[in-house]
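In: got a predicted structure here, sequence first:
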Amino acid sequence: MEKLNRIWPPALVLAAIIAIWWVTVIVTESVIFPTPAQVVTGTLELVEDGTLWEHIGASLLRVGTGFAVAVAVAVPLGLWMGRVDSAFRTLNPVFQILRPISPIAWIPIAILWFGMGDASPVFLIFLASVFPMIVQTAAGVHTIEKRYLRAAENFGVPRTKLYRQVIIPAVLPEIIVGMRIGLGVAWLVVVAAEMIALRSGLGYLIMDSRNAGNRYDLVIAGMIIIGLIGLALDGLMRLLEGLKQVRWRYGR
């Protein structure tokens with residue numbers, strides 16, 4: 001019953017949005033903007049010819065590659081910056097300058113450096129996701145109670161063991177938050193990059209559908225699929241919050 005009470009309010013809102021969308025298209029007698037039924041028909045068309053799965057797979061592969069590289073760089077760097085004051089004072093201003101720059105602004109440079117292949121969007125995804133994780137991880141280290149660290153040092157705990165058994169478990173919830181933020185931004189960036197620089201992926205699907213015969217049913221279908229995949233990716237990241245190692249930070 002509790003799960004049902006959590007599902008029906010958003011389901012009701014979505015049903016109302018679809019109904020308003022359908023009625024608006026019919027009342028305005030639009031010949032371009034599609035109805036929900038036309039969007040479903042267009043989506044089934046993409047499913048039947050296999051095009052949809054190719055575009056989804058291409059986008060997810062780029063996001064997964066860039067995000068994995070960002071995690072591998074951001075987490076160790078953030079731990080180091082949070083633990084070493086001189087490193088934080090030196091690098092934090094640089095990252096704070098780079099962080100607000102939209103990854104979209106890097107598209108011309110990415111094309112110049114990496115060409116028109118998959119390397120360009122992977123680089124953009126890396127830039128989009130690495131800075132939130134660095135900042136969040138370093139901030140998490142700064143929130144650790146100093147007496148815990150001093151107690152470990154007084155007992156002569158080796159540095160590697162200190163990181164493995166004290167610092168990383170304490171910072172893990174903050175790392176998960178940074179990963180959620182980074183993954184959300186990364187999913188936005190890959191779509192924009194595909195609109196400009198590539199010939200595959202959901203971003204390309206949207207632009208190609210618009211340019212090749214004004215297939216706005218496929219445009220809307222691509223937008224909805226992007227939103228659903230983004231929701232699924234965020235849900236997967238939220239599952240990490242339920243792990244025993246990080247559950248202590250959350251109330252539920």
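Out: Structure's in. What do you need? Numbering: from 1, shown residues only.
In: got the buried residues for stretch 151-170?
Out: 152, 157, 162, 163, 166, 167, 168, 170 (16 or more other CB atoms under 10 Å). For every residue, glycine as well, the C-beta is placed using N, CA and C.
In: let's have those residues in JSON lines, adding secondary structure, distance to residue 143 and pLDDT.
Out: What follows is those, written out as JSON lines (DSSP: H, G, I helix; E, B strand; the rest coil; distance: CB to CB, whole Å; pLDDT from 0 to 100):
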{"residue": "152", "secondary structure": "helix", "distance to residue 143": "16", "pLDDT": "69"}
{"residue": "157", "secondary structure": "coil", "distance to residue 143": "20", "pLDDT": "71"}
{"residue": "162", "secondary structure": "helix", "distance to residue 143": "16", "pLDDT": "72"}
{"residue": "163", "secondary structure": "helix", "distance to residue 143": "16", "pLDDT": "73"}
{"residue": "166", "secondary structure": "helix", "distance to residue 143": "13", "pLDDT": "74"}
{"residue": "167", "secondary structure": "helix", "distance to residue 143": "11", "pLDDT": "76"}
{"residue": "168", "secondary structure": "helix", "distance to residue 143": "14", "pLDDT": "79"}
{"residue": "170", "secondary structure": "helix", "distance to residue 143": "8", "pLDDT": "80"}
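In: grab the nearest non-local neighbour of residue 136.
Out: Sequence neighbours aside, residue 178 is the residue nearest to residue 136 in space, at 3.1 Å (criterion: CB to CB, 6 or more residues apart in numbering).
In: hmm, I typed the wrong one, I wanted residue 131.
Out: residue 99 (4.1 Å).
In: surely that neighbour is in contact with residue 133?
Out: No: taking contacts as CB atoms under 8 Å, residue 99 lies outside contact range of residue 133: 10.8 Å.
In: can you pick out the residue with more neighbours from the two?
Out: residue 133 (27 against 13; other CB atoms under 10 Å).
In: give me the buried positions along the helix or strand harbouring the residue nearest to residue 136.
Out: Residue 178 is located in helix 168-197, with elements delineated by DSSP states H and E. In terms of neighbour count (16+ other CB under 10 Å), helix 168-197 has its buried residues at 168, 170-197.
In: kindly report the same for stretch 202-210.
Out: 202, 203, 204, 205, 206, 207, 208, 209.
In: who's in contact with the third one?
Out: Okay, so that is residue 204. Counting by CB atoms under 8 Å, 6 or more residues apart in numbering, residue 204 touches 55, 194, 195, 198.
In: cool, and the last one?
Out: Listed by CB under 8 Å, 6+ apart, the contact partners of residue 209 are 215, 216, 218, 219, 222.
In: show the buried residues in those.
Out: 215, 216, 218, 219, 222.
In: going along the chain, name the helices of the protein.
Out: 2-28, 36-49, 51-83, 85-98, 107-114, 119-142, 146-154, 159-162, 168-197, 202-211, 216-240 (DSSP state H).
In: in the stretch 1-150 of the chain, which ranges drop under the pLDDT threshold?
Out: 1-5, 148-149 (pLDDT under 70).
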